[in-house]
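*Asks:* Okay, predicted coordinates and the sequence, questions at the end:
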Amino acid sequence: MKTDTIAAIATGLSNSGIGIVRISGSEAFDVIDRIYRGKGGRRKKLSAEPTHTIHYGGIYDGEQLVDEVLVMLMRGPKSYTAEDTVEIDCHGGVLITRKVLETVLRNGARLAEPGEFTKRAFLNGRMDLSQAEAVIDVINAKNDYALQASVNQLEGSVSREVKKLREGIIYHIAFIESALDDPEHISLEGYQEKLLAELQPMKEKVEKLLRSSDNGRVMTEGIKTVILGKPNAGKSSLMNVLVGEERAIVTDIAGTTRDTLEENIRLEGISLNVTDTAGIRDTDDVVEKIGVEKARMAADQADLIIYVVDGSRPLDESDEDILAMIKDRQAVVLLNKSDLTMVVTRKMLEEKTAHRVIAVSAKERLGIEELEEEIKSMFYHGEIDFNDQVYITSVRQKNALENTLNSLKMVEQSIENGMPEDFFSIDLMDAYEQLGTIVGEAVEDDLVNEIFSKFCMGK
């Protein structure tokens, strides 16, 4: 397929050891022939060189040497985009990398759109849509679990499961259509019972994939976490311990934290999007009052609330207010300042909160590992295993699976209601097409463009 030739910087725009300018398209080799010369400025046609070879020379803008480079040649379809591709490794300064790109653009290529290289890989059959989405997930991964899930999807873990399901569904669609077209030779007697039996494992597989999406969302997006407590309970000290540096101001003065402070923290391979909040209490201070209200709003939107209790002080009205806020919520209670004389016990808090209580000392860094393990157990359903478990990390894929499950249930309902077989094939086809949107079959151009528009330049 003849396409225009695109180019972009494939490395980050910051000073580094090397910069990479990528060229892809039907005229990629023509472009490099115009601007490349071998050692000593000797003209050399790289288009005549074998694929998957690397060449040392220079990039020239007319007679002016732009930079010394290494040039990698990859002929399609054995390249990332499945097109002829050239990668120029130049020195990694921002200015010089841009000058190399500008030279490429002046000699026959156009600037690539965000995600256009991966989009071409998808359109050329190099990868399906679920694998293409995994590319940006790998780049954006914030923790070990997110990275591993994305790498597995890039290698086809989601594709394989979806294709198995589609193969089973299309078999039954074909059988029904064939039987309806040729009833003399293909009988549907007893078929409803057979179909009903085979629908069950299909539904179970889709339900398993849907259950994995809870873990998948936590892996990729992180756990939206809010730290609550009354003034001077130790919230900011805990925040600093979790972050690993002094991000929140810590004093003995109640009400020091006036506004919310947000940080992304990695714990036990997972990500917490943590918000430290103003201490919950009644106050006449206008600024502090705004901070308390923002704390309440953050708690309403949180996946997890960490309630910090100062165990050296009796519980009061502010604590009772927070207890009401965490009722029926995902929460963990920290009995802080366990290095001091305690007047609040773990048993007392467990009875009042009905949540797990962990004794900690933010000052002495005690109990933090236990907190990490508790959060992990709260949000991951069972042990995380990447050997044979597939994790759905995309909302788009989750919606398609929900629609698939609904269509399979409608087939079951039609069988139970004694409907004609052609009703089965309608809903089976809906399920088949919904699964097809996950891997990029039967998907609209607008959706494809939207997905790739979220990619970075050069990828």
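*Replies:* Sure thing, it's come through.

*Asks:* need the contact list for the residue nearest to Phe455 when sequence neighbours are not counted.
*Replies:* Leaving aside its sequence neighbours, Phe455 sits nearest to Gly115 (C-beta to C-beta, 6 or more residues apart in numbering; 2.8 Å). No exception for glycine: its C-beta is placed from N, CA and C like everyone else's. Counting by C-beta atoms under 8 Å, 6 or more residues apart in numbering, Gly115 touches Ile136, Ile451, Phe452, Ser453, Lys454, Phe455, Cys456, Lys459.

*Asks:* Surely the second one touches Ser130?
*Replies:* No - taking C-beta atoms under 8 Å as the definition, Ile451 is not a contact partner of Ser130, at 10.5 Å.

*Asks:* more crowded one of these two?
*Replies:* A count of neighbours by other C-beta atoms under 10 Å puts Ser130 above the other of Ile451 and Ser130, at 26 against 21.

*Asks:* what packs against the host helix or strand of that one?
*Replies:* Assigned by DSSP states H and E, Ser130 belongs to helix 129-140. Applying 3 or more C-beta pairs under 8 Å, 6 or more residues apart in numbering; DSSP states H and E, one finds that helix 129-140 contacts helix 116-123, helix 144-154, helix 157-181, helix 395-416, helix 421-439, helix 445-453.

*Asks:* now the nearest residue to Ser178 once chain neighbours are set aside: how far from Met325?
*Replies:* Of all residues not flanking Ser178 in the chain, Ile186 sits nearest, at 5.4 Å (C-beta to C-beta, 6+ apart). Here the criterion is C-beta to C-beta, to the nearest Å. By it, Ile186 lies 63 Å from Met325.

*Asks:* rewinding a little: give me phi/psi at the residue nearest to Ser178?
*Replies:* Dihedral pair for Ile186: phi -120, psi 120, per degrees, to the nearest 10.

*Asks:* what about it, neighbour count?
*Replies:* Neighbour count for Ile186, taken as other C-beta under 10 Å: 14.

*Asks:* Would you mark the buried spots in stretch 139-157?
*Replies:* Residues of stretch 139-157 classed as buried: 141-143, 145-150, 152-154, 156-157 (neighbour count, 16 or more other C-beta atoms under 10 Å).

*Asks:* From the residues you listed, pick the one nearest Leu180.
*Replies:* Leu180 lies nearest to Gly156 out of the buried residues of stretch 139-157, by C-beta to C-beta, at 34.9 Å.

*Asks:* ok, then the element right after whichever strand or helix holds Ile54?
*Replies:* Assigned by DSSP H and E, Ile54 falls within strand 53-61. Per DSSP H and E, strand 53-61 leads on to strand 64-74 as the next helix or strand towards the C-terminus.

*Asks:* Kindly export that following strand (C-alpha atoms) in CSV.
*Replies:* The C-alpha coordinates for strand 64-74 follow below in CSV (Å, rounded to 0.1, in the frame of the first residue of the first chain):
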residue,chain,number,x,y,z
GLN,A,64,26.3,21.7,5.1
LEU,A,65,26.9,18.9,7.6
VAL,A,66,24.1,18.8,10.2
ASP,A,67,25.3,16.0,12.4
GLU,A,68,27.3,12.7,12.6
VAL,A,69,24.8,9.9,12.8
LEU,A,70,24.0,6.2,12.8
VAL,A,71,21.2,5.3,10.3
MET,A,72,19.2,2.1,10.8
LEU,A,73,17.4,0.7,7.7
MET,A,74,14.2,-1.5,8.1
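
*Asks:* quick one: low-confidence ranges for the protein?
*Replies:* Applying pLDDT under 70 to the chain flags residues 1-2, 215, 218, 244-261, 267-269, 277-292, 362, 380-389.

*Asks:* what residue of it is the furthest out?
*Replies:* Distance to the chain centre peaks in the chain at Glu184, reaching 52.0 Å (criterion: C-alpha atoms, centre = their mean).

*Asks:* For the spatially closest residue to Arg98 that is not a sequence neighbour, give me its contacts.
*Replies:* Nearest non-adjacent residue to Arg98, counting by C-beta to C-beta, 6+ apart: Ile9, 7.3 Å away. Listed by C-beta under 8 Å, 6+ apart, the contact set of Ile9 reads Gly19, Ile20, Val21, Arg22, Thr97, Arg98, Leu101, Met457, Gly458.

*Asks:* so what's Glu263 bridging to?
*Replies:* Beta-bridge partners recorded for Glu263 (DSSP bridges): Val274.

*Asks:* rewinding a little: show residues contacting the helix holding Ser130.
*Replies:* Taking C-beta under 8 Å, 6+ apart as the rule, helix 129-140 contacts 115, 118-119, 121-122, 127, 146-147, 149-151, 153-156, 158-159, 162, 220, 393-394, 396-397, 437-440, 443, 448, 451-452, 454-456, 459.

*Asks:* quick check, the residue farthest from the centre of the chain in a strand?
*Replies:* No - going by DSSP: H, G, I helix; E, B strand; the rest coil, the assignment for Glu184 is coil, not a strand.

*Asks:* Report how many residues lie close to Thr3.
*Replies:* Here the number of neighbours of Thr3 (other C-beta under 10 Å) works out to 15.

*Asks:* Go ahead and confirm it touches Ala28.
*Replies:* No - in this structure, Thr3 is not within contact of Ala28 by C-beta under 8 Å, at 10.1 Å.

*Asks:* Give me the secondary structure label for Thr11.
*Replies:* coil.

*Asks:* residue contacts, it?
*Replies:* Counting by C-beta under 8 Å, 6+ apart, Thr11 touches Ile18, Gly19, Ile20, Gly92, Thr97, Gly458.

*Asks:* What distance do you get for it to Arg22?
*Replies:* Noted for Thr11: a distance of 9 Å to Arg22, by C-beta to C-beta.
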